[in-house]
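> Sequence and predicted structure below; questions after.
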Amino acid sequence: MAALRAAASAPEGAPAAPLEGTWPHALSHEPLLRVSDVLGLVQSEFPALTPSKLRFLDSNGLVTPHRTPSGYRQYSPADVERVRFVLRQQRDHYRPLSVIASHLEALDEGRMHEAIAPHAVADQDAYVDHGDLARAASVEASVVSLLEAEGIIAQAVPGRFDRAVVPLVVACGAFLAAGGASRDLGLLGRAVSREADAAVTAGRADRHRGDDKAADEATRARMDAAVALFSAWLHAEVDK
């Protein structure tokens, strides 16, 4: 494992020109990755990594992902490498967060250097292709095609789906097998999207105050309440 090293000094003792942006400067800083993508990329090396750990790194200013207008975190390849760096420093060197933060600041400014080991672009186990998704969800391939055409699922990377959509495909397959129509899936999907937005909004004030734990609890409470309401209402209508 590469050690943290001082960057080469400029000729004649002149200070090196400050670098722009944050380390690693050579990697893309475009925020295209979701939390689930980061876990898929990093958990093989750090199995204990969880969404709450990523939130902890964010709240302590060690890895600062982009925030969408709805408050979701989106990470860049550079952010993922910073996550790996922090976790390696904790696991291999037992360094406290304050020391890790100072090292990151030095890396950002070009005063120190850390070699970046090559990594796979994606953990293939985190993604499934069209056929694998159908087999994992025990549905016909045509169901996967239908759900994609309806905008209910989408490819996470070209030609592959996030494995996390398997439970949704299973549920949609069961709905269709029970006589549900594809147009009804679209109607339900739009209702779900509205409730998802409402759940995120429920935690937005806490999140803006930096209290991610309270925000997550408020979002989860709204989600659970919506699920309970839909179930109770549906049963009440059928049992009239």
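Here it is on my side, so go on. Numbering: from 1, shown residues only.
> model confidence over stretch 38-51, on average?
What stretch 38-51 shows for mean pLDDT is 85.
> Give me the distance between the two termini of it.
9 Å (C-alpha to C-alpha, to the nearest Å).
> Check which residues of it are buried.
38-42, 46, 49 (16 or more other C-beta atoms under 10 Å). C-beta here means a position set from N, CA and C on the backbone, and glycine is covered the same way.
> can you pull the contacts of residue 155?
148, 161 (C-beta atoms under 8 Å, 6 or more residues apart in numbering).
> What pLDDT does the model give it?
For residue 155, pLDDT reads 89.
> Check residue 78 too.
The per-residue pLDDT reported for residue 78 equals 92.
> what's the helix or strand for it?
With secondary structure defined by DSSP states H and E, residue 78 is part of helix 77-93.
> could the buried residues of stretch 38-51 be laid out in TSV, adding distance to residue 172?
What follows is these, written out as TSV (distance: C-beta to C-beta, whole Å):
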residue	distance to residue 172
38	26
39	24
40	22
41	27
42	29
46	33
49	29
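> So what's the gap between the next helix or strand after the helix holding residue 78 and the chain middle?
The helix or strand immediately downstream of helix 77-93 is helix 97-109, counting by DSSP H and E. Centroid separation for helix 97-109 versus its chain: 24 Å, with C-alpha atoms, centre = their mean, to the nearest Å.
> Just give the closest residue to the most centrally placed residue in the chain, not the sequence neighbours.
In the chain, the C-alpha nearest the mean C-alpha coordinate belongs to residue 35, at 1.1 Å (C-alpha atoms, centre = their mean). Spatial nearest neighbour of residue 35, excluding adjacent residues (C-beta to C-beta, 6 or more residues apart in numbering): residue 51 at 5.3 Å.
> so that neighbour sits right up against residue 42, yeah?
No: at 11.8 Å, residue 51 does not count as touching residue 42 under the criterion of C-beta atoms under 8 Å.
> If we go by neighbour counts, what in the longest helix seen in the chain is buried?
As assigned by DSSP state H, the longest helix anywhere in the chain is helix 212-238. Residues of helix 212-238 classed as buried by neighbour count (16+ other C-beta under 10 Å): 212, 215-216, 218-219, 222-223, 226.
> same deal with stretch 187-207?
For stretch 187-207, by 16+ other C-beta under 10 Å, it's 189, 195, 199-200, 202-203, 206-207.
> okay, how far is it across stretch 23-40, tip to tip?
For stretch 23-40, the separation between the terminal residues is 22 Å (C-alpha to C-alpha).
> With stretch 205-220 instead?
Using C-alpha to C-alpha, the end-to-end distance of stretch 205-220 comes to 14 Å.
> which strands and helices sit next to the helix or strand in which residue 188 is found?
Assigned by DSSP H and E, residue 188 falls within helix 182-202. Where contact means 3 or more C-beta pairs under 8 Å, 6 or more residues apart in numbering; DSSP states H and E, helix 182-202 is packed against helix 166-177, helix 212-238.
> Which other helices and strands does the longest one contact?
Yep, that's helix 212-238 we're talking about. Short answer (3+ C-beta pairs under 8 Å, 6+ apart): helix 212-238 packs on helix 51-59, helix 182-202, helix 204-208.
> Any idea how far the longest one is from the middle of the chain?
With C-alpha atoms, centre = their mean as the basis, helix 182-202 stands 20 Å off its chain's centre.
> residues making contact with it?
Residues outside helix 182-202 that contact it (C-beta under 8 Å, 6+ apart): 70-72, 146-147, 150-152, 172, 175-176, 218-223, 226.
> what's the burial count for the nearest residue to residue 141 once chain neighbours are set aside?
Leaving aside its sequence neighbours, residue 141 sits nearest to residue 134 (C-beta to C-beta, 6+ apart; 4.5 Å). With neighbours defined by other C-beta atoms under 10 Å, the count for residue 134 comes to 19.
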